[in-house]
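Asks: no sequence for this one, just the structure:
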């Protein structure tokens, strides 16, 4: 069953319903910029999901508020574990509730790609009181991390970060700024896309336990590409992925990973 399209045209809850009614088993891959999420269905029921550090139900809810990106369904692929026990109905009802809540949050938080900055006002004399969640968030605001980045650091969803920020923005304690765009030529753009696809393969073969390591070397490769290192930056990333696979998954998986990456680079 070939099924793919844009999340802008078809929200995730609608996508899941379309596939689940047919009782299909397979894997959804959702992509947004350099982010990847995965949802596994067995006989039409969601049984496992991951995005970033989130797993199970929270991963479903985080993916449900993506309003852009692409999805693709691969029939027949099954997960190696089950992290979801709730029914599709209960999951999608909660996802719909959060989506409604996100529509309210988006009035102050247009995108999780925005960067929060603390507002300093010399004329402010009133005492500022923050709850523990707000204090924890404040310690991660550095003027460079986006809302999504902060969520990864705190190991919570971007949705939860946005909820905390909403009140702080309303109270003029925090302001948001757009993330600066990379100035990339065509070659650099192609290498960034290649690096993102290789990262996705590494996540598939090495697993979630190495997510932070994979992300570190991926970001290092992006820095190298933007600094003019070109393919050398991608080669260095691949080498680190192979080392990690060898350490965590063994020689056989490392060879499979190497083969998949080689096929991808040959096709490109």
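Replies: That came through, no problem. The structure presented is a predicted model; accordingly, all values stated were derived computationally and were not measured.
Asks: how about the strands of the stretch 51-200 of the chain, start to end?
Replies: Ranges of strands within the stretch 51-200 of the chain are 54-55, 70-75, 115-118, 174-177, based on DSSP state E, counting those that start in this stretch.
Asks: which residues make contact with the third one from outside it?
Replies: Spelled out, it's strand 115-118. Here strand 115-118 makes contact (Cβ atoms under 8 Å, 6 or more residues apart in numbering) with 138, 141, 143-147, 150, 165, 169, 173-179. No exception for glycine: its C-beta is placed from N, CA and C like everyone else's.
Asks: Of those residues, just the buried ones, PyMOL syntax please.
Replies: In PyMOL, selecting the buried portion of the contacts of strand 115-118, with burial taken from 16 or more other Cβ atoms under 10 Å, looks like this:
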select buried, resi 141+145+146+147+150+165+169+173+174+176+179
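Asks: re earlier: using CSV, lay out the strands of the stretch 51-200 of the chain together with distance to residue 96.
Replies: What follows is the strands of the stretch 51-200 of the chain, written out as CSV (distance: least, Cβ to Cβ, whole Å):
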stretch, distance to residue 96
strand 54-55, 18
strand 70-75, 17
strand 115-118, 27
strand 174-177, 26
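Asks: and the residue sitting nearest the centre point of the chain, what are its bridge partners?
Replies: With distances taken as Cα atoms, centre = their mean, the residue of the chain nearest its centroid is residue 35 (3.8 Å). As for beta bridges, residue 35 partners with residue 32 under DSSP bridges.
Asks: residues contacting it?
Replies: Counting by Cβ under 8 Å, 6+ apart, residue 35 makes contact with 51, 52, 69, 148.
Asks: secondary structure element for residue 260?
Replies: Assessed by DSSP states H and E, residue 260 sits inside helix 251-267.
Asks: and that helix, what other elements does it pack with?
Replies: Contact analysis of helix 251-267 by 3 or more Cβ pairs under 8 Å, 6 or more residues apart in numbering; DSSP states H and E lists helix 186-206, helix 231-249 as its packing neighbours.
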